[in-house]
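# here is a sequence with its predicted model. Questions after.
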Amino acid sequence: MYAQPYPPPTAATIDEDPDQREDRGQGEDPGQREDPGQREDPGQREDPGQREDPGRHEDLGHHGDVEVVPGLVDLAVNVRRGPMPEWLREPITAALDELAAYPDPAPTRAAVAARHRRPADEVLLTSGAAEGFVLLAQALRGARRPVVVHPQFTEPEAALRAAGHRVERVLLPAETGFRLDPTLVPADADLVFVGNPTNPTSVLHPAEVLTALARPGRVLVVDEAFADTTIAPGVPGEPESLATRRDVPGLVVVRSLTKTWGLAGLRIGYLLGPAQLLARLAAVQPLWAVSTPALAAATACATPHAVAAEREIATRLAEDRAHLVARLTALSGVQVAGTPASAFVLVRLAGATAVRLALREHGYAVRRGDTFPGLGPDWLRVAVRDTATTDAFVDALANILEV
Ligand SMILES: Cc1ncc(COP(=O)(O)O)c(C=O)c1O
């Protein structure tokens, strides 16, 4: 675990209604709580030479899409590429006729709420999961000890830093298969980000381990952008998802429609959580942040038909993933991390940078691992594809490794 010195927090409960807070003025509007313009530039706050900046060594803004160029087989980006089903295409294209009107999120909010068996005010539609991280970071600027559990998607930490937070990291070790150990999270952390299943490790943490992280006074953010890719025998829905859990204090679940439905360019996701907390996040969200076609897509993806289709896709993905894992583990010198549960697999192999560059020569783009906090130059992330693509890829890898 990365232990960064941190000033002791004062009593703070960032998940409480700001109107009830004693240490923050009398009933002030969270949106007015502090003027960002008045706030010092976090980059200037102290001499970086005086204190180790954990973000200094990685490029938190690096994403797999820049690794993909025309002509390469894309194993770097985890967005499913399939023909768009008609039940999804039709409402998106029909929404083009409605573009003269400002978007009305209410029907979509109700549809998403019904899908997750929650009241509508416990849903906040966002321009992708990525916007959700920004809203959390901006609205919860009063957080005193934000913690990000790594390795994970880098945008939560980037959004926190951009909002002026000083971010503390908990690094899950490879030796334990990147399994979540709640005792590693400081007891007084009042804003905690964890991914489930986690990108890039593909590890699915048990729901009860995640809920053990929740406590009054803490906002626990669980990024479930890939939850719809997970499946377990005998479990009807998404195993370990907390999306329907209304009993966990301070829990915010982040969801995305990008991955399974191939909608990265549309920008649609949502947050699920306590109504009062979501109202604070909505207060810092731009007006009309989610477009009418994006709303149409979210409504369509919330139907029982769409959810059933998701389960079928996850079932096929599990078969393809098992094939990829079997082929990779048969290569000497290649180690698959943890127990992969999502649309990608994290692998460790010596000299991964050189291997990645050689793979490009062979026509394959894979995601570098070294820009993820907690990983190093020996890691690569590989997307799960159909078995024919996997076979050709692993043959190329074996050729490079001469195994
Ligand atoms: C774990 C994780 N969460 C969230 C996102 C962002 O998703 P969206 O496209 O909905 O903003 C990504 C995108 O790569 C991701 O990998």
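That came through, no problem. Residues are numbered from 1 along each chain as shown.

# C-alpha only now, for contacts and for neighbours.
Fine.

# domain-wise, how is the chain divided?
According to automatic domain parsing, the chain comprises the domains 64-81+307-401, 86-303.

# what's the closest of the ones you listed to the ligand?
Across the domains of the chain, the ligand has its closest neighbour in domain 86-303 (3.5 Å, C-alpha to the nearest ligand atom).

# what mean pLDDT would you report for the closest one?
Model confidence over domain 86-303, given as mean pLDDT, is 98.

# let's have the chain start at 48 instead
Sure thing, new numbering starts at 48, so read that last one as domain 133-350.

# helices of the stretch 48-197 of the chain, start to end?
133-141, 153-162, 175-186 (DSSP state H, counting those that start in this stretch).

# got JSON lines for the domains of the chain, with mean neighbour count too?
As requested, these are arranged in JSON lines below (neighbours: other C-alpha atoms under 10 Å):
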{"stretch": "domain 111-128+354-448", "mean neighbour count": "19"}
{"stretch": "domain 133-350", "mean neighbour count": "20"}
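
# could I get these as JSON lines with distance to the ligand?
Conversion of the domains of the chain to JSON lines gives the following (distance: least, C-alpha to the nearest ligand atom, whole Å):
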{"stretch": "domain 111-128+354-448", "distance to the ligand": "7"}
{"stretch": "domain 133-350", "distance to the ligand": "3"}
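
# between the longest helix along the chain and helix 153-162, how many degrees?
Ranked by residue count and defined by DSSP state H, the top helix of the chain is helix 351-376. Direction vectors for helix 351-376 and helix 153-162, defined by axes from the mean of the first three to the mean of the last three C-alpha atoms, to 10 degrees, enclose an angle of 60 degrees.

# so what secondary structure elements neighbour the next helix or strand after helix 351-376?
On the C-terminal side of helix 351-376, the closest following helix or strand by DSSP states H and E is strand 382-383. Packed against strand 382-383, as judged by 3 or more C-alpha pairs under 8 Å, 6 or more residues apart in numbering; DSSP states H and E, are the following elements: helix 351-376, strand 391-395.

# how about the ones you listed, which one is nearest residue 288?
helix 351-376 (13.4 Å; C-alpha to C-alpha).

# between that closest one and helix 133-141, how big is the angle?
Using the same axes, to 10 degrees, helix 351-376 lies at 110 degrees relative to helix 133-141.

# next, the angle from helix 351-376 to strand 391-395.
Using the same axes, to 10 degrees, one finds that helix 351-376 and strand 391-395 are set 20 degrees apart in direction.

# helices and strands around helix 351-376, which ones?
On a contact count with 3+ C-alpha pairs under 8 Å, 6+ apart, helix 351-376 meets strand 382-383, strand 391-395, helix 434-448.

# and the helix or strand that the second one is followed by, C-alpha only, in PDB?
So the one you mean is strand 391-395. From strand 391-395 onward toward the C-terminus, using DSSP H and E, the following helix or strand is helix 399-408. Taking Å, rounded to 0.1, in the frame of the first residue of the first chain, the C-alpha atoms of helix 399-408 are listed here in PDB:
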ATOM      1  CA  ALA A 399       6.200  -6.000 -21.800                       C
ATOM      2  CA  THR A 400       7.000  -2.700 -23.400                       C
ATOM      3  CA  ALA A 401       9.200  -4.400 -26.100                       C
ATOM      4  CA  VAL A 402       6.600  -7.100 -26.500                       C
ATOM      5  CA  ARG A 403       3.800  -4.500 -27.000                       C
ATOM      6  CA  LEU A 404       5.800  -2.800 -29.700                       C
ATOM      7  CA  ALA A 405       6.600  -6.100 -31.400                       C
ATOM      8  CA  LEU A 406       2.900  -6.900 -31.300                       C
ATOM      9  CA  ARG A 407       2.200  -3.700 -33.200                       C
ATOM     10  CA  GLU A 408       4.500  -4.900 -35.900                       C
END
